[in-house]
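1. Predicted coordinates and the sequence they were generated for:
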Amino acid sequence: MRKIALLSVLILVVAGGYTAFWFKKSGEFKQMLEQSIASLNEQAKNISKDNTLLRYDSIDVSGFPFAMTLQVKKPVVDLPVAAFLQKMPHEVAPIAPVTSAPLAPPSVTPSAIAAPVTPVTVTAAAPTAVQAPADWVEEISYGDSISVSGNLTGTHFTLTMAGDRTHKSLVNHTVKHTLVSSSSSPLVCHLGIEQAGNTLWVMQPIFTDLPTFLSIFRSADCDVQGITLKDAASGTLLLSADGFSVSASNKADGTANRKIDFKLDSKNTKALPAFDALVNEYMSWGYALRGTPDNLRMATPFSEYGAQDQKIDIHYNGPANAKDFSDPAAHMLFDSAFDVKNAMANMQMEIHVDTAPQGEERVASIKVHSVSNVTERYDQLIAKQTALAFTEMMREGKTGQELQIQQTLLKLGTPEELTVAMLPKFHEFGTVNFDVDANVKGPNHAETFLRHGNFALDTLNWVAAPYGLKFKGALNATAENKIPSGDLLATCISCDALITDFGNYAMRIEAIVNRMTPGKTPYINAGLINGVKQFLHGIAEDANAKDAVIHIVMKDNGILTISGKPAIQAMGLFGATIAPYLQHPAAAPAPAAAPVPVAPAGQ
């Protein structure tokens, strides 16, 4: 009986001690969050001293006995948009008027890259000029509460937001718009940080200032599903998405390396025309605050992109400091993948780069694979944005190097003329594949690695619907006191069409550049273009083939052959077909027509 009584007393003592410990640490947990919010608000005073970035009614603690959860009641974020924009550099006067002669048309009927894109006005309404708001605050309310929980060592935290979010646009203290954001699942975010020591419930402030936070940051991720954004008054749907997730991490890997990862996944995001109109109104306020001239204002028709899927996956494992790259023991790995699909364009790209020591040598490699295609509407939007970029570079008020660029561009033409000259019709390329697979192996020393390396180019391809280029080769520079040896196999697919298009594109660019020196005879003309065709067919393995295949071989004794013929023959052909146009373009004789391509047997 006495043992039972003693055990009961012991249990009561332990329970009472744990209860006291829990309440003490839960108080510290609450104080940690309050201090972090206070520090964040203090840092935000650098943008607007009269604005409180994050406010709330109270913070309650729950979860006894095995967890600690903080409930932040009625949290509201006030983003001082006007104050932020006013701290950015302001725009000045529009560009000076420009007069210049129209471009001469190309000499042959162009297609694809040779065909200039025709910029058109986007269908979305341009932002209307308005008076700059004296004050603009975006007020975001996160429902009744959000919850914050943490682990025993204060290194991992979970933030959960359930229910609707309300967005109010306050302009000069008047509510201009009220939006409601909903989701079929709570927004859940996790944060991992590095704390000094591993004492249970060591609750140091998460945020004191941005540099300190970045130094202790280790991981974060957020996920939400079934997103909608509506106008609160009318119920009009503005934006929807099936789901959105993002994650990032930054962790040590040994003493010198770090592992950094970033992922983003956005599924079936759709903007409606009403969203475009709303964004354009917001942009008009922003342009007014920055003093942006009317001719620099633009509107992006998000709804025209249709349903969008976006995936980004980036991984890096390597030195954290630039000086560590020269360490013979350094290794580095970089992987990235991008996948964007919408009504305007489909683009996928994968990149892999790595370098690592291998005994007394070092091996480095790069692989790239991309597939893309765009629509005519995409070309038009790119032309619009390019013209606006030229307009910005040509506006008055420039100084120093920017003034020199401005004066040069003003001599070349108007923003619209430069845009037409530079941009081809990308959509006429069709599906474009770009692939790289190359590696090098050499001495594990920064100064001799490339000079005495063994290079292998397994793939370097650019292939579009109308034509393409393919390269494959190797170079051995490891032998001492000998000329590097190697070979290169080049394939020009539908070569005549490619040379015609790129030649006419070059003619268009040269016509613009020659405005700097009026009366100058252009080097690039139909004769030169035809000469290039003759030269490439002449050095190809089969002069009559549609695809020109050229094999260049360099031996370590210095002998160079091109498609099995001495290089001196190629030099003679170059002198007859191309050189005259480079020396005296006006007096150069027109070469004979290039041979009509004949498809090889079996094609």
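-> Received it, and whenever you're ready, just let me know what you need.

2. Do you have the strands of the stretch 1-150 of the chain handy? List them.
-> With DSSP state E, counting those that start in this stretch as the criterion, the stretch 1-150 of the chain has strands at 54-55, 58-62, 69-73, 76-80, 136-141, 145-150.

3. Strand partners (parallel or antiparallel) of the fourth one?
-> Right, the one you point to is strand 76-80. strand 54-55 (antiparallel), strand 136-141 (antiparallel) (DSSP bridges).

4. Take those strands and lay them out in CSV including distance to P328 and mean neighbour count.
-> (Each C-beta comes from the backbone N, C-alpha and C, glycine too.) Output for those, formatted as CSV (distance: least, CB to CB, whole Å; neighbours: other CB atoms under 10 Å):
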stretch, distance to P328, mean neighbour count
strand 54-55, 49, 15
strand 136-141, 52, 18
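
5. Any chance of these in a markdown table with mean pLDDT and distance to A364 as columns?
-> Output for the strands paired with strand 76-80, formatted as a markdown table (pLDDT from 0 to 100; distance: least, CB to CB, whole Å):
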| stretch | mean pLDDT | distance to A364 |
| --- | --- | --- |
| strand 54-55 | 92 | 47 |
| strand 136-141 | 94 | 47 |
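
6. and E428, which of these is closest to it?
-> Nearest to E428, of all the strands paired with strand 76-80, is strand 136-141, at 42.3 Å by CB to CB.

7. distance between the closest one and the chain's centre?
-> Averaged C-alpha coordinates place strand 136-141 at 29 Å from its chain's average position (CA atoms, centre = their mean, to the nearest Å).

8. K384 contacts M298, correct?
-> Yes. Counting by CB atoms under 8 Å, K384 does reach M298; the two are 6.7 Å apart.

9. Centroid-nearest residue for the chain?
-> Central residue of the chain (CA atoms, centre = their mean): F338, 9.3 Å from the mean position.

10. So it sits against Q348, correct?
-> Yes. Contact criterion CB under 8 Å: F338 and Q348 qualify, at 6.9 Å.

11. circling back: distance to F426 for the strands paired with strand 76-80 - can I get that in CSV?
-> What follows is the strands paired with strand 76-80, written out as CSV (distance: least, CB to CB, whole Å):
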stretch, distance to F426
strand 54-55, 45
strand 136-141, 36
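
12. among the ones you listed, which is nearest T517?
-> Of all those, strand 136-141 sits nearest to T517, with 49.6 Å by CB to CB.

13. Would you mark the buried spots in the helix or strand hosting T158?
-> Using DSSP states H and E, T158 maps to strand 156-161. Across strand 156-161, burial judged by 16 or more other CB atoms under 10 Å covers 157, 159, 161.

14. ditto for stretch 450-463
-> For stretch 450-463, by 16+ other CB under 10 Å, it's 452-457, 460-463.

15. again with stretch 512-522
-> Residues of stretch 512-522 classed as buried: 512, 522 (neighbour count, 16+ other CB under 10 Å).

16. Now do the end-to-end distance for that stretch.
-> End-to-end distance for stretch 512-522: 11 Å, by CA to CA, to the nearest Å.

17. For the remainder of this discussion, apply numbering that starts at 6.
-> Sure thing, new numbering starts at 6, so read that last one as stretch 517-527.

18. still on that earlier bit, give me the pLDDT value at the residue nearest to the centre of the chain.
-> You'll see F343 listed with a pLDDT of 97.

19. Give me the distance from the host helix or strand of it to the chain's centre.
-> If you go by DSSP H and E, F343 is part of strand 337-346. In terms of CA atoms, centre = their mean, the centre of strand 337-346 is found 11 Å from the chain centre.

20. and it, which strands flank it?
-> Partners of strand 337-346 in the sheet, by DSSP bridges, are strand 313-324 (antiparallel), strand 350-363 (antiparallel).

21. Moving C-terminal from the longest strand anywhere in the chain, which element do we reach first?
-> Counting residues, the longest strand found in the chain (DSSP state E) is strand 242-258. Counting by DSSP H and E, the element after strand 242-258 in chain order, helix or strand, is strand 262-276.

22. okay, now S239: neighbour count?
-> The tally of other residues near S239 (other CB atoms under 10 Å) stands at 8.

23. Next: G364.
-> Counted with other CB under 10 Å, the neighbours of G364 add up to 7.

24. Can you check the pLDDT for it?
-> For G364, pLDDT reads 84.

25. Relative to I371, how far out is it?
-> 21 Å (CB to CB, to the nearest Å).

26. Skip the chain neighbours and tell me the closest residue to A237.
-> Excluding the flanking residues, the one nearest A237 by CB to CB, 6 or more residues apart in numbering is T183, at 4.0 Å.

27. you'd agree the one you found is up against A238?
-> Yes. Here T183 reaches A238: they are 6.6 Å apart, a contact under CB under 8 Å.

28. who has more neighbours, the two?
-> Neighbour totals were compared for T183 and A238, and T183 leads with 14 against 10 (other CB under 10 Å).

29. what helix or strand is the more buried one on?
-> Assessed by DSSP H and E, T183 sits inside strand 179-188.

30. pLDDT of the very next helix or strand once past that strand, averaged?
-> Later in the chain than strand 179-188, the nearest helix or strand by DSSP H and E is strand 192-198. Here strand 192-198 scores 94 as its mean pLDDT.

31. Over to stretch 312-325?
-> Averaged across stretch 312-325, the pLDDT comes to 94.

32. repeat for stretch 543-552
-> Mean pLDDT, stretch 543-552: 95.

33. what's the answer for stretch 234-246, then?
-> Stretch 234-246 shows a mean pLDDT of 96.

34. before we move on, what about stretch 39-50?
-> On average, stretch 39-50 scores 88.

35. pull the CA atoms of that stretch into CSV?
-> Extracted as CSV, the C-alpha positions of stretch 39-50 are listed here (Å, rounded to 0.1, in the frame of the first residue of the first chain):
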residue,chain,number,x,y,z
GLU,A,39,5.5,37.8,-31.1
GLN,A,40,9.1,38.9,-31.2
SER,A,41,9.5,37.6,-34.8
ILE,A,42,6.3,39.5,-35.9
ALA,A,43,7.6,42.7,-34.1
SER,A,44,11.0,42.4,-35.9
LEU,A,45,9.3,41.9,-39.2
ASN,A,46,7.1,45.0,-38.7
GLU,A,47,10.1,47.0,-37.7
GLN,A,48,12.0,46.1,-40.8
ALA,A,49,8.9,47.0,-42.9
LYS,A,50,9.1,50.5,-41.5
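
36. in that stretch, what's buried?
-> Going by neighbour count (16+ other CB under 10 Å), the buried part of stretch 39-50 is 40-42, 44-45, 49.

37. Which of these fall in helices?
-> Within these, residues falling in helices by DSSP state H are 40-42, 44-45, 49.

38. Direction included, what does the strand holding T163 pair against?
-> Strand 161-166 has the following strand partners under DSSP bridges: strand 150-155 (antiparallel), strand 192-198 (antiparallel).

39. So I232 sits against A246, correct?
-> Yes. Under the criterion of CB under 8 Å, I232 makes contact with A246 at 4.4 Å.

40. low-confidence ranges in the chain?
-> Applying pLDDT under 70 to the chain picks out residues 6-22, 94-135, 157, 201-208, 299-300, 589-608.

41. The same query, at a cut-off of 50, please.
-> Across the chain, the ranges flagged by pLDDT under 50 are 96-115, 124-133, 596-608.

42. what ranges do the helices span in it?
-> 7-49, 86-91, 215-221, 278-295, 381-399, 405-417, 420-427, 500-518, 531-544, 572-582, 584-588.
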